[in-house]
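Undergrad: next input, structure requested:
(one chain, ligands or ions: 1)
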Amino acid sequence: MITLYTFASGFGEFSYSPFCTKAGYLLKMSGTPWERKDLHDPRKMPHGKLPAIALDDGTIVPDSDNIRAHLEGLGHDFDAGLTSRDRGISRAFIRMAEEHMYWHQVHDRWGDEANWAIIRKEYFDFLPALIRGFVTSKLRKDLIKTMHGLGLGRLTGPERLERIEPDLQAIAAQLGEQDFLFGDTPTAADASVGAILGGIIGAPAPTPLSQRVADDRVLSAYIARCREAMG
Ligand SMILES: N[C@@H](CCC(=O)N[C@@H](CS)C(=O)NCC(=O)O)C(=O)O
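TA: Residues are numbered from 1 along each chain as shown. Coordinates of the predicted model:
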């Protein structure tokens, strides 16, 4: 049986990490037997990150995209029924969610003082008190540096909201009256987009972005459908 190594559940999500949530969604959709094992520390994983899956022969497959490829290799087509054009559009939505929107979620959690106070406790309570302050301050400093490097960390709050707004509108437009991005059943794009939006709306202290998504009838209903169908 496949074992999914994941960060723990929390804030209404399968995992604190949207990439782990995505992997859980893909596993559920695939119908393959699997179990989860929650980890605190990803450093022993091949990429030093989560999610990863362990196969029966002990092989560890890191990265949600590789997990998808592995499950597809077992015969599951997450995009069954999609035209090659829609498969291309799906890929673009996945990249938009994972490589852009994800960082807004990271900024909301690690860059916002109210959220930081909560996640610091929630994520890192397992660390011995003696080193907790040092370790968490370093992790936060590194992530803030990464966001500065990406450019996102240089934007003001209103500029960040303005930057992500067209992504949110693109998702709502693609959804239209459909339950999921490409029709009435979830596909690979829903595993990514649903997980990232779920992470955004799940900010433990409300932010302008989490509020924007929560107030959006189409997006908030979509997140709930993704959790229901794939969680
Ligand atoms: N591209 C990777 C991204 C995974 C990722 O960024 N995981 C984060 C959690 S959301 C992580 O493990 N961070 C820990 C670290 O970087 O030390 C995937 O799709 O699996």
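
Undergrad: what residues does this structure have near the ligand?
TA: Within the chain, the residues that sit near the ligand (Cβ under 6 Å from any ligand atom) are 17, 19, 42, 48-51, 63-65. No exception for glycine: its C-beta is placed from N, CA and C like everyone else's.

Undergrad: give the burial count for residue 169, as a bare number.
TA: 12 (other Cβ atoms under 10 Å).

Undergrad: only alpha carbons, please: show whichever helix in the chain runs longest as PDB.
TA: The longest helix of the chain (DSSP state H) is helix 129-150. Extracted C-alpha coordinates of helix 129-150, given in PDB (Å, rounded to 0.1, in the frame of the first residue of the first chain):
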ATOM      1  CA  ALA A 129      11.100  25.100  23.800                       C
ATOM      2  CA  LEU A 130      14.800  25.700  24.100                       C
ATOM      3  CA  ILE A 131      15.400  25.900  20.300                       C
ATOM      4  CA  ARG A 132      11.900  26.800  19.100                       C
ATOM      5  CA  GLY A 133      12.400  30.500  19.000                       C
ATOM      6  CA  PHE A 134      15.700  30.200  17.100                       C
ATOM      7  CA  VAL A 135      14.500  27.600  14.500                       C
ATOM      8  CA  THR A 136      11.200  29.300  13.800                       C
ATOM      9  CA  SER A 137      12.700  32.800  13.400                       C
ATOM     10  CA  LYS A 138      15.300  31.300  10.900                       C
ATOM     11  CA  LEU A 139      12.600  29.500   8.900                       C
ATOM     12  CA  ARG A 140      10.500  32.700   8.800                       C
ATOM     13  CA  LYS A 141      13.500  34.800   7.800                       C
ATOM     14  CA  ASP A 142      14.400  32.400   5.000                       C
ATOM     15  CA  LEU A 143      10.900  32.400   3.600                       C
ATOM     16  CA  ILE A 144      10.600  36.200   3.800                       C
ATOM     17  CA  LYS A 145      13.900  36.400   1.800                       C
ATOM     18  CA  THR A 146      12.500  34.000  -0.800                       C
ATOM     19  CA  MET A 147       9.400  36.100  -1.200                       C
ATOM     20  CA  HIS A 148      11.500  39.200  -1.500                       C
ATOM     21  CA  GLY A 149      13.500  37.400  -4.200                       C
ATOM     22  CA  LEU A 150      10.300  36.400  -6.100                       C
END
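
Undergrad: tell me which residues in that helix are buried?
TA: 136, 140, 143, 147 (16 or more other Cβ atoms under 10 Å).

Undergrad: is it true that the second one touches residue 113?
TA: It refers to residue 140. No - applying Cβ atoms under 8 Å as the test, residue 140 and residue 113 come out as separate, 10.9 Å apart.

Undergrad: strands of this protein, residue ranges please.
TA: 2-6, 34-38, 52-54, 60-62 (DSSP state E).

Undergrad: what pairs with the first one, and is each one parallel or antiparallel?
TA: In the sheet containing strand 2-6, its partner strands are strand 34-38 (parallel), strand 52-54 (antiparallel), by DSSP bridges.

Undergrad: out of these, which one sits most buried?
TA: When you average the neighbours per residue for each of the strands paired with strand 2-6 (mean count of other Cβ atoms under 10 Å), strand 52-54 leads with a mean of 22.

Undergrad: who's in contact with it?
TA: 2-5, 23, 27, 34, 42, 45-46, 60-63, 67, 70 (Cβ atoms under 8 Å, 6 or more residues apart in numbering).

Undergrad: now for residue 106: which residues touch it?
TA: So residue 106 contacts 143, 147 (Cβ under 8 Å, 6+ apart).

Undergrad: show me the domain layout of the protein.
TA: What automatic domain parsing lists as the domains of the chain is 2-73, 84-230.
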